[in-house]
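K.L.:
Structure for this input, please:
(4 chains)
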Protein chains: 2
Amino acid sequence: MTPIPSENRRERKKQDTRQKIVKIGMYFFRKQGFDSTTMEQIAEEVDISKATLYNYFPVKESIISEYWQNNIKEFKFQILEMIQLLPDTRSRVQKTFTKAAAELFKSKEDIYKIYLSYWLRNLNNPSDNERLRSGFEDIFSMIIKLGQHAGDVRKDMSVELLVKYLEVLFLTVCLNWLSDPKLFPLEATLSQTVSLFIEGAGSGSRKSKPKAEGDDSVQGKLL
Amino acid sequence: MTPIPSENRRERKKQDTRQKIVKIGMYFFRKQGFDSTTMEQIAEEVDISKATLYNYFPVKESIISEYWQNNIKEFKFQILEMIQLLPDTRSRVQKTFTKAAAELFKSKEDIYKIYLSYWLRNLNNPSDNERLRSGFEDIFSMIIKLGQHAGDVRKDMSVELLVKYLEVLFLTVCLNWLSDPKLFPLEATLSQTVSLFIEGAGSGSRKSKPKAEGDDSVQGKLL
DNA sequence: ACATATTATTAGACATCGTTTAAAATTATA
DNA sequence: TATAATTTTAAACGATGTCTAATAATATGT
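P.N.:
Numbers count the residues shown, from 1 in each chain, chains lettered A, B, ... in the order given. Reported below is the predicted structural model:
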């Protein structure tokens, strides 16, 4: 996990090239569009061979992914702090969603759709590749764990599964919004989704929010 | 919508070619794997040009999709009948899930993963293209409408959103299972997911299910 | 400082997907 | 049978992503 950012020249150079690729890549993506930018063009401009470029970024989308990871760092840090101050799971999820919508998707950029699709594609491909992770699993994972600990979230489902659901729900809403903002207004739909996730689609007793820590028929608890 | 299956020679021929493509395509996919089968090879065997093949199926995955659609027809018909006899939304969703698991995913075939990923990818691309639809929206849509009408499902959310939610949950479970059957056993996870859909992830008042007949907190009851 | 081992880069060829074009073949219509 | 509409076709194309074997750069031990 890169304990020391640059212990030797080799690492330092590699980091340099990475950054250069991302910078130039994103520049082209924004200027000419993702599809109209070729890997050759990027390699050309960075002044490396195509083979080297593919050595760093095995698919074109992963360049956006890297850019996203970098940009999300600050967001992630902030939200993890906030989350712990909030009283319950509902407000934590809600906060994460609205903050993400506000800061990450300020502008309805084309590039987001490419990246979110990529993220979605890779959600179910087991791979610890750092490049494929969204940065959101950590947040969601913390929320679920906090919730289960506080008795706020059911304990008969694994953290992993609940996290995946949150991810997939979040992604779906964002992608729907990017495809059709009128039909799926971002904030409103995210809000509904929070409620759906917490209280479910059934209409049985949704009057009084979380209620208490009671919990009851704990069944599976897989994992 | 093809009111008459084959009113003229042209239509008949086209249907023939479609079928031939699907048949031969699936044969190759199963024999050599999806990736190792090229569109050229399929075209060759069907005895049409590559351009024609692409005219019928604009992406390789859509061949599987067509195959899936055909296979799901009977399932769809049966399940739509059954659903109306069941007493509530929970049992309807549960039935759909378990029946799907039992009949559609009897074998853990590689091909499913390709198709389900394709389906998931296209969930968020607005397009009425018949080839991109799963065949499940109709089922889920009916379940939701029945539920909302009976007062069993919350009415403050659109049918569309709830259907998407169901689809996405279902897909996630199946894909997880295909990636890691041990970590995400199909039937058990689907069962849990039904509960998540109906009651949500929160732990507020989930004590008394519909109660009703047998079935206690046993989640399994596969098929 | 040097020799050797490890790792990164490279050019170029390659297979495949999916698109495009303009011409030819087929079928429908009158 | 003439003409119009549709389908099929070969062939070339651009792009993604892979692969290989040679070369270059860096690290490591002496």
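K.L.:
quick one: contacts of the helix or strand bottoming out on mean pLDDT in chain A?
P.N.:
Lowest on mean pLDDT, DSSP states H and E among the helices and strands of chain A sits helix A:110-123, with a mean of 91. By Cβ atoms under 8 Å, 6 or more residues apart in numbering or on different chains, the residues outside helix A:110-123 that reach it are A:26, A:29-30, A:33-34, A:61-62, A:64-65, A:68, A:105, A:132, A:134, A:164, A:167-168, A:171-172, A:174-175, A:178-179, B:117, B:120-121, B:124, B:172, B:175. No exception for glycine: its C-beta is placed from N, CA and C like everyone else's.
K.L.:
How many neighbouring residues does the residue of chain A found nearest chain B have?
P.N.:
Nearest residue of chain A to chain B (Cβ to the nearest Cβ) works out as residue A:200 at 3.2 Å. Residues contacting residue A:200 under the criterion other Cβ atoms under 10 Å in any protein chain shown number 21.
K.L.:
Quick check: it touching residue B:203?
P.N.:
No. The pair residue A:200 and residue B:203 does not pass the contact test of Cβ atoms under 8 Å, sitting 11.4 Å apart.
K.L.:
List, one by one, the residues from chain A near DNA strand C.
P.N.:
A:10, A:13-14, A:17, A:47-52, A:55-56 (Cβ under 7 Å from any atom of the strand).
K.L.:
now the residue of chain A closest to chain B, nearest residue through space, not along the chain?
P.N.:
residue B:200 (3.2 Å; Cβ to Cβ, 6 or more residues apart in numbering or on different chains).
K.L.:
Give me the distance between that neighbour and residue A:169.
P.N.:
12 Å (Cβ to Cβ, to the nearest Å).
K.L.:
Can you pull the residues that touch both of these two?
P.N.:
A:196-197.
K.L.:
rewinding a little: name the residues that touch the following helix or strand past the least confident helix or strand of chain A?
P.N.:
Note on helix A:110-123: by DSSP states H and E, the next helix or strand toward the C-terminus is helix A:136-150. Residues outside helix A:136-150 that contact it (Cβ under 8 Å, 6+ apart) are A:76, A:79-80, A:83-84, A:88-89, A:92-93, A:96, A:100, A:152-155, A:159, A:162-163, A:166-167, A:170, A:213, B:201.
K.L.:
continuing past helix A:136-150, what's the next helix or strand?
P.N.:
In N-to-C order, the element after helix A:136-150 by DSSP H and E is helix A:159-179.
K.L.:
for the record, mean pLDDT for that following helix?
P.N.:
Averaging pLDDT along helix A:159-179 yields 94.
K.L.:
one step back: so which of the contacts of helix A:110-123 also contact DNA strand D?
P.N.:
Among those, the residues lying close to DNA strand D (Cβ under 7 Å from any atom of the strand) are residue A:61.
K.L.:
Among the contacts of helix A:110-123, name the buried ones.
P.N.:
A:26, A:29, A:34, A:61-62, A:64-65, A:68, A:132, A:134, A:164, A:167-168, A:171-172, A:174-175, A:178, B:117, B:120, B:124, B:172, B:175 (16 or more other Cβ atoms under 10 Å in any protein chain shown).
K.L.:
Is DNA strand D within reach of stretch A:47-58?
P.N.:
Yes. Counting by Cβ under 7 Å from any atom of the strand, DNA strand D is contacted by stretch A:47-58 at A:50-51, A:54, A:58.
K.L.:
As TSV, those residues with distance to residue A:191 would be great.
P.N.:
Output for the residues of stretch A:47-58 next to DNA strand D, formatted as TSV (distance: Cβ to Cβ, whole Å):
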residue	distance to residue A:191
A:50	45
A:51	47
A:54	42
A:58	37
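K.L.:
what two of these are the furthest from one another?
P.N.:
Greatest spatial distance in the residues of stretch A:47-58 next to DNA strand D: A:50 and A:58, 12.3 Å, computed using Cβ to Cβ.
K.L.:
related to what we said a few turns ago, now, of the contacts of helix A:136-150, which are buried?
P.N.:
A:79, A:83, A:88-89, A:92-93, A:96, A:100, A:152-155, A:159, A:162-163, A:166-167, A:170, B:201.
K.L.:
May I see the buried residues of the host helix or strand of residue A:194?
P.N.:
In this structure, residue A:194 is located in helix A:186-199 according to DSSP H and E. The neighbour-count check on helix A:186-199 (16+ other Cβ under 10 Å) flags A:186, A:189-199 as buried.
K.L.:
Stretch A:141-159 now?
P.N.:
In stretch A:141-159, counting by 16+ other Cβ under 10 Å, buried: A:141-144, A:146-148, A:152-159.
K.L.:
how long is that stretch end to end?
P.N.:
Terminal residues of stretch A:141-159 lie 7 Å apart, using Cα to Cα, to the nearest Å.
K.L.:
Quick one: distance of it to the chain centre.
P.N.:
19 Å (Cα atoms, centre = their mean, to the nearest Å).
K.L.:
Now residue A:48. Its backbone dihedrals?
P.N.:
Residue A:48 adopts backbone torsions of phi -130, psi 170, taken as degrees, to the nearest 10.
K.L.:
Wasn't residue A:107 part of a strand?
P.N.:
No. Looking at residue A:107 with DSSP: H, G, I helix; E, B strand; the rest coil, it is coil, so not inside a strand.
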